[in-house]
Structure formats: structure tokens, C-alpha cells
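Participant: model this:
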Amino acid sequence: MKFQVAIGLLVLAVCIAGCTGAPDTVRVGEEENGSTVTVGQGGRVIVTLPYDTIDRYEWRTDLSSGLVVTDEQTAPGTQEWTVEPLTTGTFTFRALWVKVGAPDAAAEKTFTVTIRAE
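Facilitator: Model prediction:
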């Protein structure tokens with residue numbers, strides 16, 4: 001009986017340590033500009049922003065250390081990045097809307113989301 005209780009407690013402890021309840025994937029768009037999202041360890045954030053090549057503007061990304069873009073896709077009307085934190089912690093994804101060829105300082109708008117990986 002003591003063995004079964006010990007095994008049960010061990011299983012519970014492992015689950016509590018590894019189960020944060022945070023989602024594996026979070027999708028964000030312009031509406032979440034300035035917000036904070038939380039993902040589980042090994043999770044990802046998919047950022048989708050409007051994109052129009054006719055006006056000759058582009059999104060340029062600026063990521064804090066420990067955050068990587070694992071996929072980037074451009075489709076008519078949108079640009080999308082899949083971003084993954086390499087460890088637990090708090091990270092920042094920033095995108096700058098800049099005229100092609102202009103410096104980052106000339107950005108006409110910015111998008112920022114804070115990513116907390118648990």
C-alpha cells in the first residue's frame with residue numbers, strides 16, 4: 001500500500017512540475033499590440049499582421065535574445081511569423097512598419113507583444 005501511495009505522489013509531483021496550464025500555441029494579431037501572452041515551455045506564438053506590397057512598405061522584426069522565428073510566410077494581405085522561445089522567461093517580439101529602403105527609425109508604426117514562456 002505504501003508503494004502505491006509513493007508512486008501516486010511521484011506521478012502527481014511530475015505533473016505539477018510539468019503542467020503549467022499554458023497553451024502550446026497562441027495566435028496574435030494587430031488587436032493584441034502591446035499585450036502579453038503566455039505559452040507553455042516549448043510552445044509557440046503565431047503573429048499575423050496585415051501586409052500590402054503595393055505601398056512598398058515592409059515589416060521588419062526585432063526579437064529579444066532567446067526568441068527565434070521558426071517560420072515566416074507572406075500571403076496576399078498578411079505576413080505571418082511563428083515564434084518560439086528557447087527557454088522559459090519573458091521575451092519581446094517587435095515588428096516595424098517601414099518603407100522599403102528606409103531606416104528602422106523611420107517606422108510609421110510598430111507592433112509589440114511580450115511573450116511569457118512557462
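
Participant: so residue 91 sits right up against residue 114, yeah?
Facilitator: Yes: using CB atoms under 8 Å, residue 91 makes contact with residue 114 at a distance of 7.3 Å. In short, each C-beta sits where N, CA and C put it, glycine included.

Participant: Settle it for me: which of the two has more neighbours?
Facilitator: residue 91 (21 against 15; other CB atoms under 10 Å).

Participant: Might you report the residue contacts of that one?
Facilitator: Contacts for residue 91 (CB atoms under 8 Å, 6 or more residues apart in numbering) come out as 63, 64, 65, 66, 67, 85, 114, 115, 116, 117.

Participant: wait, which of those is closest to residue 104?
Facilitator: residue 63 (13.4 Å; CB to CB).

Participant: ok, then the element right after the regular element (helix or strand) spanning residue 70?
Facilitator: According to DSSP states H and E, residue 70 maps onto strand 67-75. Sequence-wise, the next helix or strand downstream of strand 67-75 (DSSP H and E) is strand 77-85.

Participant: Now do the buried residues in the next helix or strand after that following strand.
Facilitator: Next helix or strand after strand 77-85 toward the C-terminus (DSSP H and E): strand 89-99. By neighbour count on 16 or more other CB atoms under 10 Å, the buried set for strand 89-99 is 91, 93, 95, 96, 97, 98.

Participant: and strand 89-99, which strands flank it?
Facilitator: Strand 89-99 has its sheet partners listed here by DSSP bridges as strand 57-63 (antiparallel), strand 109-117 (antiparallel).

Participant: between the shortest one and strand 77-85, what angle do the directions make?
Facilitator: The one in question is strand 57-63. 10 degrees (axes from the mean of the first three to the mean of the last three CA atoms, to 10 degrees).

Participant: Could you give the average pLDDT over strand 57-63?
Facilitator: On average, the pLDDT along strand 57-63 is 94.

Participant: just the last one next, same as before
Facilitator: Mean pLDDT, computed over strand 109-117, is 97.

Participant: Pull out the buried positions in that strand.
Facilitator: Of all the residues in strand 109-117, those buried under the rule 16+ other CB under 10 Å are 110, 111, 113, 115, 117.

Participant: Residue 22: which of those residues is nearest?
Facilitator: residue 117 (8.0 Å).
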